[in-house]
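Asks: Pasting the sequence and the predicted coordinates here, then a few questions.
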Amino acid sequence: MTIVDCQPEKRVGIKLEFLGPFKCNNDVEFTFDKAEDETVVTWTMTGRNGLMGKLMGLLMNMDKMCGGQFEEGLTGIRHIAESSAAK
């Protein structure tokens, strides 16, 4: 994982390279948008699927498989941000 772009309070871009079980490269982006008294964080991951990735996408529910990890990560970011703001 390599941070490739950072615009404070707006965006963080990451290049994510998986070596296994299938080799692939993905672009990850965190965007931060102010909404009244809170910040809305959007976490996206994009990349190209090879044959195995396409087959997995057809046979498995990728949201169910990865969604919990996205939620856990966003919750972790929220706890860090809120504890920093409280200081």
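Replies: Sure thing, it's come through.
Asks: And the helices in this structure?
Replies: All helices of the chain, identified by DSSP state H, fall at 51-59, 62-86.
Asks: Ok, which of these comes nearest Asp5?
Replies: helix 62-86 (17.2 Å; C-beta to C-beta). No exception for glycine: its C-beta is placed from N, CA and C like everyone else's.
Asks: what packs against that closest one?
Replies: strand 38-47 (3 or more C-beta pairs under 8 Å, 6 or more residues apart in numbering; DSSP states H and E).
Asks: now the strand it packs on: mean pLDDT?
Replies: Per-residue pLDDT over strand 38-47 has a mean of 88.
Asks: What are the buried residues along stretch 80-87?
Replies: Within stretch 80-87, not a single residue qualifies as buried, counting by 16 or more other C-beta atoms under 10 Å.
Asks: now the angle from the helix or strand of the chain with the lowest mean pLDDT to helix 62-86?
Replies: Ranking every helix and strand in the chain by mean pLDDT, DSSP states H and E puts helix 51-59 at the bottom, with a mean of 77. Helix 51-59 and helix 62-86 are oriented at 90 degrees to each other (axes from the mean of the first three to the mean of the last three C-alpha atoms, to 10 degrees).
Asks: Relative to the whole chain's centre, how far out is helix 51-59?
Replies: 20 Å (C-alpha atoms, centre = their mean, to the nearest Å).
Asks: just to revisit the earlier point, want to throw the helices of the chain into a markdown table with distance to Met1?
Replies: Putting the helices of the chain into a markdown table (distance: least, C-beta to C-beta, whole Å) gives the following:
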| stretch | distance to Met1 |
| --- | --- |
| helix 51-59 | 19 |
| helix 62-86 | 12 |
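Asks: Out of these, flag the one nearest Thr44.
Replies: Among the helices of the chain, helix 62-86 sits nearest to Thr44 (C-beta to C-beta), with 9.5 Å.
Asks: Quick one: distance of that closest one to the chain centre.
Replies: Using C-alpha atoms, centre = their mean, the offset of helix 62-86 from its chain centre is 10 Å.
Asks: related to what we said a few turns ago, if you count neighbours, what's buried in the least confident helix or strand of the chain?
Replies: Result for helix 51-59 [16+ other C-beta under 10 Å]: no buried residues.
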